[in-house]
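Peer 1: no FASTA, just this:
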């Protein structure tokens, strides 16, 4: 029986080469797995890395200057934020002003041509006019003694009698110089709204709003409106809680009984009475300050557009009462309001800061 089993085993045994291959298989498998693991863990020597290296620019040839966009303009250093602000401004500020103008224009028996003209300023902006606004802003920046030394948001007010517009704008200090400007930098207009600057009134304490560059400083700490009414029923600084930006004592043309002469005033930018004042925006009407709509006031306030110094102050004084606790600051808050006249060819002389009386 044993011989039969041995004989059967002999007949079932595999050939010698098969046995040798089977014995080598574990070693071959281990070597293959080791090589595969090494290939997976290898640094940037794969075909994908070699492809990326061939198409991505080397840091050595990178340049901080924005390159040209498809339309030929340099790429802004925060283009996405500016695009979002343009959309928000059109919805939150301009659309509300346009709605008010349409309602005022249709409130009488006859079409109100005055309201229609103001509406046209917002609905049909003239590209040539906007170029003059940008040019005037740049000229004043160039003559400001280096005050615009970094990218930032600012407000430009056109005090021309037939314009009376405030522009939210952005200065990109890293962009090449725009046409007609000697200094580097680019100004981008984000949105415009109607304002009222100063009008001289015989027999009343009134000023022509001065032109120049004015800074929102901690030395002239701003405040908020109380919403109280004056003797004529006006809430002169707007509804309660509206922001008041104080640009300090300045010099403006003042109405005297003997005529108009330079004098001193307190320059503010503030909201106006929503019932009586806002329908008059778009014409010279204030006592010297810059009156803005409630929605323009809120837009700047909620985004801390002119609060560069106040934001720095709040880091060491977190309980400061002036800034909104729910604000979402823009990436590069500024501190300047430029008041100009885009109808003028040369920029006007900057106003000096002098102690004086309050204009409004």
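Peer 2: Cool, the structure landed. Since the model is a prediction, treat every value here as computed from it, not as a measurement. Numbering: from 1, shown residues only.

Peer 1: so where is this structure shaky, pLDDT-wise?
Peer 2: In the predicted model, the chain carries pLDDT under 70 at residues 1-76, 182-183, 345-360.

Peer 1: Which strand residues bridge the residue most central in space within it?
Peer 2: By C-alpha atoms, centre = their mean, the chain has its centre lying nearest to residue 153, at 4.7 Å. On the basis of DSSP bridges, residue 153 is bridged to residue 170.

Peer 1: what do you get for residue 286?
Peer 2: Bridge pairing for residue 286 - DSSP bridges - gives residue 198.

Peer 1: separation between it and residue 198?
Peer 2: 5 Å (C-beta to C-beta, to the nearest Å). Backbone N, C-alpha and C define where each C-beta goes, glycine included.

Peer 1: Same question for residue 264.
Peer 2: Distance from residue 264 to residue 198, by C-beta to C-beta: 14 Å.

Peer 1: Please enumerate the shared neighbours of the two.
Peer 2: Residues touching both residue 264 and residue 198 (C-beta atoms under 8 Å, 6 or more residues apart in numbering) are residue 252.

Peer 1: one step back: from residue 283, how far out is the residue nearest to the centre of the chain?
Peer 2: Counting by C-beta to C-beta, the gap from residue 153 to residue 283 is 26 Å.

Peer 1: Could you pull out the residues contacting both of residue 286 and residue 198?
Peer 2: Here residue 286 and residue 198 share the contacting residues residue 209, scored by C-beta under 8 Å, 6+ apart.

Peer 1: more crowded one of residue 264 and residue 198?
Peer 2: Legend: neighbour count by other C-beta atoms under 10 Å for residue 264 and residue 198, higher for residue 198 (27 against 18).

Peer 1: isn't the more buried one right next to residue 207, touching?
Peer 2: Yes: counting by C-beta atoms under 8 Å, a contact exists between residue 198 and residue 207, whose distance comes to 4.8 Å.

Peer 1: Tell me where the protein has helices.
Peer 2: 2-12, 16-40, 47-55, 79-89, 95-105, 113-123, 127-142, 294-302, 308-316 (DSSP state H).

Peer 1: Could you pull out the strands in the stretch 201-350 of the chain for me?
Peer 2: Using DSSP state E, counting those that start in this stretch, the strands found in the stretch 201-350 of the chain span residues 207-208, 212-215, 223-224, 243-256, 259-271, 290-292, 336-340.

Peer 1: Which neighbouring elements make contact with the fifth one?
Peer 2: Secondary-structure packing of strand 259-271 (3 or more C-beta pairs under 8 Å, 6 or more residues apart in numbering; DSSP states H and E): strand 207-208, strand 243-256, strand 290-292, helix 294-302.

Peer 1: Specify the angle between it and strand 336-340 in degrees.
Peer 2: Computed by axes from the mean of the first three to the mean of the last three C-alpha atoms, to 10 degrees, the angle separating strand 259-271 from strand 336-340 equals 140 degrees.

Peer 1: in strand 259-271, what counts as buried?
Peer 2: 263, 264, 265, 266, 267, 268, 269, 270, 271 (16 or more other C-beta atoms under 10 Å).

Peer 1: Which strands border that strand, and is each parallel or antiparallel?
Peer 2: Partners of strand 259-271, by DSSP bridges, with direction: strand 243-256 (antiparallel), strand 290-292 (parallel).

Peer 1: which one of those strands is the most hemmed in?
Peer 2: Per residue and on average, the most neighbours among the strands paired with strand 259-271 fall to strand 290-292, with a mean of 29 (mean count of other C-beta atoms under 10 Å).

Peer 1: Pull up the gap between residue 279 and residue 291, please.
Peer 2: Using C-beta to C-beta, residue 279 is found at 12 Å from residue 291.

Peer 1: Repeat that for residue 206.
Peer 2: Residue 206 is 13 Å from residue 291, by C-beta to C-beta.

Peer 1: can you check residue 320 too?
Peer 2: From residue 320 across to residue 291, the span is 26 Å (C-beta to C-beta).

Peer 1: Please apply the same query to residue 100.
Peer 2: Counting by C-beta to C-beta, the gap from residue 100 to residue 291 is 14 Å.

Peer 1: circling back: can you redo the helices and strands packed on strand 259-271 as CSV with distance to residue 136?
Peer 2: Formatted as CSV, these follow (distance: least, C-beta to C-beta, whole Å):
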stretch, distance to residue 136
strand 207-208, 17
strand 243-256, 18
strand 290-292, 16
helix 294-302, 20
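
Peer 1: So for residue 79, which of the ones you listed sits nearest?
Peer 2: helix 294-302 (19.7 Å; C-beta to C-beta).

Peer 1: quick one: contacts for the closest residue to residue 217 other than its chain neighbours?
Peer 2: Of all residues not flanking residue 217 in the chain, residue 309 sits nearest, at 6.1 Å (C-beta to C-beta, 6 or more residues apart in numbering). Counting by C-beta under 8 Å, 6+ apart, residue 309 touches 216, 217, 218, 335.

Peer 1: one more time with 10 Å, if that's ok
Peer 2: 215, 216, 217, 218, 219, 333, 334, 335 (C-beta atoms under 10 Å, 6 or more residues apart in numbering).
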